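Q: Compute the structure for the input listed below.
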Amino acid sequence: MHLLSASCVCALLIAALLRQVSGLETVTGLYGETLEIPCNVGALKAEDILMTKWKYDKGEGLSGDLLVKQKNQTVSISASDEYKDRVSMAANSSLLLSAAKLSDQRTFTCMVVASADITEYPVNVVIHKKPTNLEISDKAEELEIGKLTKLGTCVAEAANPAANITWLKNNKPLVADGKGISIQASVQVDPVTGLSTTSSVLEYSAGKEDTDAQFTCSTQHATGAELISTPVIFTITYSTENMVLQVIAQEPLVEGDNVTLKCVADGNPAPTSFNFHLKGELVKVENADTYTITNVSRDTTGEYKCSLIDNATMQASKDITVKYLDINLSPSGKIVKKAGETLDLTLQIDASGDSKVSWTKDNVKLDKEPKFSKVTYSDSGRYECGVTVGLLSRKASFELFVEGAPVIRQLTKQRGEDGTHKVLICEAEGSPKPAVSWSINGTSLDESPFVNGKITHKITVVPTANLTVSCTVSNEFGADTRAINVSSLFEDVRVDKSDQSDDNDQTKMVVGVVVGLLVATVVIGLAYWVYMKKSKQGSWKTGEKENGSSEEEKKLEEKVEENSQKAEV
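A: Alright, predicted model coming up:
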């Protein structure tokens, strides 16, 4: 294809001027990157296009050529200025502009020649650039509560368009209110690059709640990118407004313990020195917030205070109570009493509160306090009283020993189950432990444990005749003896054989024997009375002495006694 003649081109240009230029399209590019500016050829087919030309608006009504492409020919660069090495054309006729700059923000026009028609497509170019950095500078060393202070400056460097900066506290936006929050922003443009640097200054009136708060600044750029600065935490300073006096001690606090007083103040920076008021005594403590009272006593109980050294009106107080419990049990230790004596107990309690008393005897709980009007052997043992006041407790004890001569309480006999022996049982009381002896020898000696002054002694015997057996108990204070009649086993066997068929008959026989003996006794007594009467009458008549009658009377009494003993056995 040959080049168009100058007259033809002029005609086409004149025709293009008569057309209404379509609406202006805007293309956004990123600073420093390659920008593609489209050429809207509409419904034209590539084979119908004779020539494509790109130009740009130089301002003041002037335009500059960039490149041109004839049909079936290569692209020809016509630019001789800054665009000479930066422009090229894509296969779809778009203009490729490398290393985009802010100076590229202008109108680029694509002119298309097709047959006898010439069309122009102007495109407006905008170049964006996000800030290269976002940080807080000129930071305050500390913030004083209630005082409007410059917190810092947030800077967004080299951006286009200029960045809008937002301040945040704990990720929540801060809004200027003209009182506690003031935000002032300014923009500077680099004369060489044309890029803008935005600076935002935050003045802030801090409160206690701002302690450990994180302050940041952010910007949402037109490119869609969001930048957030590194969080900054500020020291919040304020004077002491509240104080607390803490008492550090084990519970319960008792005499002999240590107690530590700790003064806690909410100022920032916190006070490091305090005055401790110790019941009229003033103690100054520097570079510490504690004071320890050692070896406390009940006199330590009272009110304690701490205050600031530079402000005595700022103070705190706390009551300290030292628990105590003293008991005195009288008498105590080892107590020895004779059986039947009186023991008076006295328990004195000196305590810091209401007390509770409990008693045990030999580790067994008693229902009430022991009373000893007359001590007995069973009262012997170890007594302990426990006194409590809250968590505080004390104990006292005594051990009671009741001593005395032994006494036999009971002497009994039992027939063995097999009928071949008899068991004699001697039960006695006394202390110290009495020794037990029998008047006869026996077997199977058995002695119970000596508990509460009581002892039981058993002996097994096989009596071959009727006899009287005695049990004797003795200790260092005395002795006691008791006797019991024991019948022979042969007599028992004879009685058993005669009555083994019927228990009721045996009972009747025993009753009959007893009645018979009683009748015999009465008869003998009556005969004796008659005899004595006659003897007296004869003596009166004959004048004989009564010595003979006395001897006979004595013999008769012995006979009656003998019969009585037989009846008893």
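
Q: Of all the strand elements in this structure, which one is longest?
A: strand 392-415 (DSSP state E).

Q: Now that one: average pLDDT?
A: For strand 392-415, the mean per-residue pLDDT is 92.

Q: go on, stretch 71-82?
A: Mean predicted lDDT for stretch 71-82 stands at 90.

Q: Flag the shaky bits of the stretch 51-200 of the chain, pLDDT-wise.
A: Applying pLDDT under 70 to the stretch 51-200 of the chain flags no residue at all.

Q: what comes up buried for the longest strand of the chain?
A: 392, 394, 396, 398, 400-408, 411 (16 or more other CB atoms under 10 Å). The C-beta positions use only the backbone N, C-alpha and C, and glycine is treated the same way.

Q: go on, stretch 210-218?
A: For stretch 210-218, by 16+ other CB under 10 Å, it's Asp210, Ala213, Phe215, Thr216, Cys217, Ser218.

Q: about what we covered before: Provide the strand pairings for the longest strand of the chain, with the direction of each partner.
A: strand 333-338 (parallel), strand 381-389 (antiparallel), strand 422-431 (antiparallel) (DSSP bridges).

Q: Pick the one among the buried residues of stretch 210-218 closest to Leu97.
A: Ser218 (31.6 Å; CB to CB).

Q: Walk me through which strands the host helix or strand of the closest one pairs with, and which way each runs.
A: According to DSSP states H and E, Ser218 maps onto strand 214-220. Take DSSP bridges as the rule and strand 214-220 pairs in its sheet with strand 165-169 (antiparallel), strand 226-228 (antiparallel), strand 232-233 (antiparallel).

Q: got a list of contacts for it?
A: 131, 134, 136, 151-152, 154, 156, 159, 163-171, 198, 200, 202, 226-234 (CB atoms under 8 Å, 6 or more residues apart in numbering).

Q: What does Thr300 show for phi and psi?
A: phi -70, psi -20 (degrees, to the nearest 10).

Q: ok, now how distant is Thr456 from Phe450?
A: 10 Å (CB to CB, to the nearest Å).

Q: how about the residue nearest the centre of the chain, what does it touch?
A: Centrality entry for the chain: nearest residue to the mean C-alpha point is Glu251, 14.9 Å, by CA atoms, centre = their mean. Residues near Glu251 by CB under 8 Å, 6+ apart: Leu391.

Q: Recalculate using a threshold of 6 Å.
A: By CB atoms under 6 Å, 6 or more residues apart in numbering, the contact list for Glu251 is empty.

Q: Ramachandran coordinates for it?
A: The phi/psi pair for Glu251 (degrees, to the nearest 10) is phi -120, psi 130.

Q: Need the per-residue pLDDT for it.
A: So Glu251 comes in at 85 (pLDDT).

Q: With Thr321 instead?
A: 91.

Q: and the gap between it and Ala270?
A: Distance from Thr321 to Ala270, by CB to CB: 29 Å.

Q: do the same with Leu151
A: 23 Å.

Q: can you check Pro161 too?
A: 48 Å.

Q: Show me which of the two is the more surrounded one.
A: Pro161 (15 against 10; other CB atoms under 10 Å).

Q: So that one versus Glu135, what's the distance?
A: Distance from Pro161 to Glu135, by CB to CB: 20 Å.

Q: and if you look at Val189?
A: 20 Å.

Q: of these two, who's got more company?
A: Glu135 (16 against 13).

Q: thought that one was touching Ile228?
A: No. Using CB atoms under 6 Å, Glu135 is not in contact with Ile228; the gap is 10.4 Å.

Q: what's the closest of the buried residues of stretch 210-218 to Thr290?
A: Asp210 (29.1 Å).

Q: domains of this protein?
A: 6-128, 134-237, 243-320, 325-401, 404-492, 504-568 (automatic domain parsing).

Q: chain center to the second one, what's the gap?
A: Between the centre of domain 134-237 and the centre of its chain there are 46 Å (CA atoms, centre = their mean, to the nearest Å).

Q: do the same with stretch 357-367
A: Worked out by CA atoms, centre = their mean, stretch 357-367 lies 34 Å from the chain centre.

Q: Give the rounded mean pLDDT of it.
A: Stretch 357-367 shows a mean pLDDT of 94.

Q: quick one: contacts of it?
A: So stretch 357-367 is contacted by Glu369, Gly381, Arg382, Tyr383, Glu384, Cys385, Gly386, Val387 (CB under 6 Å, 6+ apart).

Q: In JSON lines, list the residues you listed along with neighbour count and distance to Val264.
A: Shown next, in JSON lines, are the contacts of stretch 357-367 (neighbours: other CB atoms under 10 Å; distance: CB to CB, whole Å):
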{"residue": "Glu369", "neighbour count": "12", "distance to Val264": "48"}
{"residue": "Gly381", "neighbour count": "18", "distance to Val264": "55"}
{"residue": "Arg382", "neighbour count": "13", "distance to Val264": "51"}
{"residue": "Tyr383", "neighbour count": "22", "distance to Val264": "50"}
{"residue": "Glu384", "neighbour count": "17", "distance to Val264": "45"}
{"residue": "Cys385", "neighbour count": "22", "distance to Val264": "44"}
{"residue": "Gly386", "neighbour count": "16", "distance to Val264": "40"}
{"residue": "Val387", "neighbour count": "20", "distance to Val264": "37"}
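
Q: returning to that earlier point: for my notes, please list the strands paired with strand 214-220 in CSV and give mean neighbour count for each entry.
A: Converted to CSV, the strands paired with strand 214-220 look like this (neighbours: other CB atoms under 10 Å):
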stretch, mean neighbour count
strand 165-169, 20
strand 226-228, 14
strand 232-233, 14
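
Q: With distance to Trp54 added, can I get these in a markdown table?
A: Shown next, in a markdown table, are those (distance: least, CB to CB, whole Å):
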| stretch | distance to Trp54 |
| --- | --- |
| strand 165-169 | 39 |
| strand 226-228 | 35 |
| strand 232-233 | 50 |
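
Q: nearest to Ala316, of those?
A: That would be strand 232-233 among the strands paired with strand 214-220, by CB to CB, at 29.3 Å.

Q: Next, the residues that contact the closest one from outside, please.
A: By CB under 6 Å, 6+ apart, the surrounding residues in contact with strand 232-233 are Ile136, Gln214, Phe215.

Q: ok, so of those, who is nearest Leu24?
A: Ile136 (41.0 Å).

Q: which ones are touching the closest one?
A: With CB under 6 Å, 6+ apart, Ile136 has these contacts: Gly152, Cys154, Ser229, Val232.

Q: And the helices in the protein?
A: 6-17, 489-499, 503-542, 547-568 (DSSP state H).

Q: Next, count neighbours for the nearest residue to Leu347 once chain neighbours are set aside.
A: Nearest residue to Leu347, sequence neighbours excluded (CB to CB, 6 or more residues apart in numbering): Leu329, at 5.3 Å. When neighbours are defined as other CB under 10 Å, Leu329 has 20 of them.

Q: I figured Leu329 hits Lys395, correct?
A: No. Counting by CB under 6 Å, Lys395 is not a contact partner of Leu329; they are 9.3 Å apart.

Q: does Val402 really touch Lys337, like I thought?
A: Yes. Taking contacts as CB under 6 Å, Val402 lies within contact range of Lys337: 5.4 Å.

Q: hang on, the earlier thing: between the strands paired with strand 392-415, which one is closest to Gly478.
A: strand 422-431 (8.3 Å).

Q: Buried residues of that closest one, list them for me.
A: So for strand 422-431, counting by 16+ other CB under 10 Å, buried means Lys422, Val423, Leu424, Ile425, Cys426, Glu427, Ala428, Glu429, Gly430, Ser431.

Q: Local confidence estimate at the nearest residue in space to Ser448 that is not next to it in sequence?
A: Spatial nearest neighbour of Ser448, chain neighbours left out: Thr456 (4.1 Å); criterion: CB to CB, 6+ apart. Here the pLDDT value assigned to Thr456 is 94.
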